[in-house]
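Participant: Mind folding the following:
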Amino acid sequence: MALFGHQPLREGSIGSMSELGAHGLPPSLTVPAVPHPSPHSKLALISTPEGLLIAPAATGGESVEVARIAWGKEGKVGMMKTRNPYRAGHATVPGIVGVLHLFNLSYLLVVSTAVQVGNLLDPSRTIYCVKDVTAIPLEESKANASLKLLLRKSGGSPLAEEDEYDSDSTTDTEDGDAASIVEPDVAQAVTLSSTSAPQGTLKPPSIAVSTTPSASPERPKALPDMARRLSFWRKVARRQQPLPAPIPPLAEEMPAPDPPALEKNPAAAATLDAAGGPEEDGAAHGTVPTRYERLADVERKVVRECIRLWTQGGMFFAYDFDITRGLQRKYDMNTAKRQQEDILTEIAGPKSSGFVPEVVKPFTEPNAQLPLWRRIDQKYWWNRSLMADFLEAGLHSYVLPIMNGFVEMSTFHLPVPCSDPEPEIVPVKFTIISRRACLRPGLRYQRRGVDDHGNVANFVETEAIVSVERDGRKNVFSYTQIRGSIPLYWSQPQPGLQLKPIPRLDRPLADSSDIMRKHFVKLTHYWPITIVNLAEITGKEAVVTLAYRELAQGLNMKEVKYHEFDFHHECKGMKYENISKLITALNSTFASQGFFWANGDDVLNEQKGTFRTNCIDCLDRTNVVQSAFSRYVLEQQLQAAALLGVSDRGKTEQEMVFNTVWANNGDAISRAYAGTSALKGDFTRTGKRDINGMLNDGMNSLARLYSSAFADYFTQAVIDFSMGNRNLSVFSEFLEKLQSTDPGEMLHLSKIRAAAIETCASHVLSEGEVLLGGWTLFSPTELDAKVGKSFEEKILLLSPLALYINSYDYALDKVVMATRVPLADIVSIQKEGAYILSTLQEAARDPMENYGLLITWKTSHLTRRITSYSLRNKPDAIDVQDVKAKKGAIRPGISRSNTASSLGKGVPEDTQFAAFKALPTSTSTAGRDLDVVPVTSCRNAVDVIVDTIVRACKDTEAPVKKEFVRVQDIIRLAFMCLTRVTFQLTLGHKLSLAEAQRETSVYAKLEYYLKRRLWL
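Facilitator: Here you go, the predicted model:
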């Protein structure tokens, strides 16, 4: 039954766009009135003057829906109905990943090669894995070059045959080969290719032009990658210019070749090239790189990292069915739909007496009439943000949902129990499907715990499927487990090269209690849930483990039970056989949970409950225990099918297949989250622990240390951007801080700032005084200073009578000091001034994002209240003479004459001022104004604040002078070393950023650029 319909599309020539939405619905909510076809399995890419056409790669003159992507930065996607333009010789691909909108250009990411993993329970249900991805620039000449390269590399059908896929014979290439990458110009395609299948089911494909098989597939890749990142001096020599080269301000540069694109993208103007200079030959010979060239260099790095993430071997898709839901979940959905139909039939009465309800079969696809992307579980859809343009255009047949995780299918053989000396041998197909959630994506140490929506990091659903034919009927068993980070607000910061940083709680337990309940409510389809906590009860992990125990046991949810097993303590000394103690303790839970069992079209048993296993990383210990749980259930499933279990036969083919598949599963999840194969994998793979496995774990631990200390920061920024959690400003923030802020933490900070404004207003405003506006701004700790030894976030409040400048203690939720300035005493407001405090990063030098205001007032009616947290504290008004006496000593290091001269002519001596710098728009999205005025930059935010204050001043009886608002830079330059202790300040005149580069110490420059080179 179709839920929506749309007006038939009218035919037109190539380039005419179809009109959709006749019923007022967006195209993404409009589907045909018949069962919708599956996504196209073969797409042709055709370059035309109007744009890039994407059409089904099928011959015939029938009219089809064709996608068209317009050339240019916007890369607008549309749909038209026309004769199929596909002809032999056009480049073809198996599917589309999505559109990546970057600084100067947009890119179409396509799956250039996919390998067939196998068929799930039916020959028509084929699962594929992404092997190669190509980025096609959406500019005609560059796209043409990319399509030619893609056509040469494909050499035929892009879908590899099933016999090419071999999980046992794999070839790996070290990341060190990346140093030999031929750096393509932006006009060329960015393609990562490999000649071998990935490890497990898939090994990460090589990003080198020529691949070299590695002698050891499990060898850590940190050292070659580190050498590649440190090899920047070779590029410096090629450019024939010193490092780091002076970088002029954006305002003094030549205009970019494509000014409209840059104007539409203000975030791009704040981003410096990640390598400290261009890598294109055209920018060599000592010339200063333009902004366009630097952005193109950053753009190339983002595209390359994005492609690397999509070709690690963990991206899977299917054309004809949903791979994001397990067998038990699909059966539950079909059963619920059948129950709804029964209720409607009963309500309809005698008129429906002839209606025979359809029998619910265990493997029926729920809601098969809808497009595939509407049927899948959205939390496992990793390219949803990249496919947003296709969804908005209603191109359902072009939307290919891609899941991150692991899929492997293998077969072992078991004898049928009988007295015959040569018993019948039965093949048993064993499949593991792991599904990684994308709602809190990220890497180890970068994303931990839970967010404000109840989503946890590294959440994975793992389903083990067993299929065996007995007595002419197919028996299918399924057992599902889940893992996920501990659902508390916690983190594990890595201040230096620490192998095991100490975890810490980021918020009070009361906050975590509510969000933990929200997390488990979102998992209702897994109920009842048994928590198995494997983290340490003592030691570094205890602070998180004990908090988890306290809150989980205090939830009072009968469907959630808590059980802990200190893995390191119980299995100390490589006594991994002690895991059997945990299974014995949970015997009753295993019995009540059961497993899903379908015999033909009959469902004989259902799984009623799920284990939620976790350690700190939810990787190594978790994988060992989950494999032990799966082994225990597998024995019961084989016994239900009247076959011998592994415990009766010793080390057999069954045990080897089981161990290998589960070890590959652990390695795949570990590579996606930590960058290396799983630790303790030797026990999972062989069933025993030895010294060789411990040495291999040591090497992997060092590789993880390198990744978490250097490589993961930029990768996390790319993940946040490609998943739609951050915009392009994330790269500006990365180049400034060498890390990116957690989107959930940004939302939390916005809420904290808004609450701080409300708290300040309730404490400092008099009864009946109305609050007109409130903002959080960056400011020197002391007044009468533009740059101080320390900075803080001050809260600026505006009422019809006065302006309040508040120092606020966020830890104690207290107002430390409140200064009340009557509006009539305000002398002037200096706005539209550059407030630049650093010169090393271009984001910190961009005037648009480093704006401030300076407010000057007379001290004749000034009052101030100070809170000292003493029992004898009384908020007294400070005498004005006391303020005047202390003015010269407020800011040591700057003479009184300099301070006075900086205020401008005509400003009386009995005045005081305060300087404020707008917070970055990417990290402060709330609490700026009570009317929640949208802001696009720091300059826009300052304009909003100043306009609000000026309107309030005009409403007072005091006259407002003509030059009340002045336009002047607050601080054009303040250069400082990276220790943030020594400051030098030049006031009263502008100083160019080129001079700033010369004044900044060579040590500061080298330290920053070395760090950035390592991080990128």
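
Participant: Can you report how many residues lie near Ala755?
Facilitator: Applying other Cβ atoms under 10 Å, we find 13 residues neighbouring Ala755. Yep, even glycine has a C-beta here, placed from its N, CA and C like the rest.

Participant: does it count as helix, strand or coil?
Facilitator: helix (DSSP: H, G, I helix; E, B strand; the rest coil).

Participant: What of the one 5 residues further on?
Facilitator: Applying three-state DSSP to Cys760 yields a three-state assignment of helix.

Participant: For the stretch 851-1000 of the chain, give me the ranges with low pLDDT.
Facilitator: 868-909, 921-936, 958-963, 966-1000 (pLDDT under 70).

Participant: Please, where are all the helices along the stretch 501-650 of the chain?
Facilitator: Remark: helices assigned in the stretch 501-650 of the chain by DSSP state H, counting those that start in this stretch are 509-521, 542-553, 567-570, 579-585, 587-593, 620-640.

Participant: I'd guessed Asn578 sits against His569; true?
Facilitator: No - Asn578 is beyond contact range of His569, at 9.6 Å (criterion: Cβ atoms under 8 Å).

Participant: If you average pLDDT per helix and strand, which one of this structure comes out bottom?
Facilitator: helix 896-901 (a mean of 32; mean pLDDT, DSSP states H and E).

Participant: Show me which residues of the helix or strand that it is followed by are buried.
Facilitator: Later in the chain than helix 896-901, the nearest helix or strand by DSSP states H and E is strand 911-917. With burial defined by 16 or more other Cβ atoms under 10 Å, the residues of strand 911-917 counted as buried are Thr911, Gln912, Phe913, Ala914, Ala915, Phe916, Lys917.

Participant: List the contacts of the first one.
Facilitator: In this case it means Thr911. Contacts for Thr911 (Cβ atoms under 8 Å, 6 or more residues apart in numbering) come out as Val827, Thr856, Trp857, Lys858, Thr859, Leu903.

Participant: Farthest-apart pair in the residues you listed, please.
Facilitator: The widest separation within the contacts of Thr911, taken as Cβ to Cβ, falls between Thr859 and Leu903 and amounts to 13.0 Å.

Participant: pLDDT (mean, whole number) over stretch 575-590?
Facilitator: Regarding stretch 575-590, the rounded mean pLDDT is 93.

Participant: any idea of the pLDDT on Ala268?
Facilitator: Listed pLDDT for Ala268 reads 36.

Participant: One more: Gln481?
Facilitator: For Gln481, pLDDT reads 98.

Participant: cool, and Pro743?
Facilitator: pLDDT recorded at Pro743 is 74.

Participant: Could you find the closest non-adjacent residue to it?
Facilitator: Asn725 (4.4 Å; Cβ to Cβ, 6 or more residues apart in numbering).

Participant: JSON lines for the helices of the stretch 501-650 of the chain, including mean neighbour count and distance to Ile136?
Facilitator: As requested, the helices of the stretch 501-650 of the chain are arranged in JSON lines below (neighbours: other Cβ atoms under 10 Å; distance: least, Cβ to Cβ, whole Å):
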{"stretch": "helix 509-521", "mean neighbour count": "17", "distance to Ile136": "40"}
{"stretch": "helix 542-553", "mean neighbour count": "18", "distance to Ile136": "45"}
{"stretch": "helix 567-570", "mean neighbour count": "16", "distance to Ile136": "47"}
{"stretch": "helix 579-585", "mean neighbour count": "14", "distance to Ile136": "49"}
{"stretch": "helix 587-593", "mean neighbour count": "13", "distance to Ile136": "48"}
{"stretch": "helix 620-640", "mean neighbour count": "21", "distance to Ile136": "38"}
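
Participant: and Leu783, which of those helices is closest to it?
Facilitator: Each of the helices of the stretch 501-650 of the chain has some distance to Leu783 by Cβ to Cβ; the shortest is helix 509-521, at 34.2 Å.

Participant: Now do the closest one: which elements does it pack against?
Facilitator: helix 542-553 (3 or more Cβ pairs under 8 Å, 6 or more residues apart in numbering; DSSP states H and E).

Participant: what's in contact with the helix it packs on?
Facilitator: Here helix 542-553 makes contact (Cβ under 8 Å, 6+ apart) with 486-488, 490, 502-505, 509, 512-513, 516, 531, 533, 535-537, 560, 562, 564, 616.

Participant: What about those residues, which are in strands?
Facilitator: Trp490, Arg504, Leu505, Ile531, Asn533, Val560, Tyr562, Glu564 (DSSP state E).

Participant: Enumerate every residue touching the third one.
Facilitator: To tie it back to what came earlier, the one meant is Leu505. Contacts of Leu505 (Cβ under 8 Å, 6+ apart): Leu488, Tyr489, Trp490, Ser512, Val543, Val544, Ala547.

Participant: What of the second one?
Facilitator: Applying Cβ under 8 Å, 6+ apart, one finds that Arg504 lies in contact with Trp490, Ser491, Gln492, Pro493, Val543.

Participant: If any of these are buried, put those into a ChimeraX selection.
Facilitator: Selection of buried members from the contacts of Arg504 for ChimeraX, criterion 16+ other Cβ under 10 Å:
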select :490,491,492
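
Participant: Look over the contacts of Arg504 and name the one with the lowest pLDDT score.
Facilitator: Lowest pLDDT within those is found at Pro493 (78).

Participant: mind checking pLDDT for the closest residue to that one other than its chain neighbours?
Facilitator: Residue nearest to Pro493 in three dimensions, not counting chain neighbours: Pro501, with 6.2 Å by Cβ to Cβ, 6+ apart. What the model reports as pLDDT for Pro501 is 82.

Participant: what's the answer for Leu443, then?
Facilitator: For Leu443, the model assigns a pLDDT of 87.

Participant: The residue nearest to Pro493 and Ser722: what is the separation?
Facilitator: 27 Å (Cβ to Cβ, to the nearest Å).

Participant: When the two are compared, which one has more neighbours?
Facilitator: Neighbours were counted for Pro501 and for Ser722 using other Cβ under 10 Å; Ser722 has more, 23 against 15.

Participant: That one against Met387, yeah?
Facilitator: No - counting by Cβ under 8 Å, Ser722 stays clear of Met387, with 11.5 Å between them.

Participant: coming back round to it: could you redo the helices of the stretch 501-650 of the chain as a markdown table and give each row distance to Ala755?
Facilitator: Converted to a markdown table, those look like this (distance: least, Cβ to Cβ, whole Å):
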| stretch | distance to Ala755 |
| --- | --- |
| helix 509-521 | 13 |
| helix 542-553 | 23 |
| helix 567-570 | 40 |
| helix 579-585 | 43 |
| helix 587-593 | 42 |
| helix 620-640 | 37 |
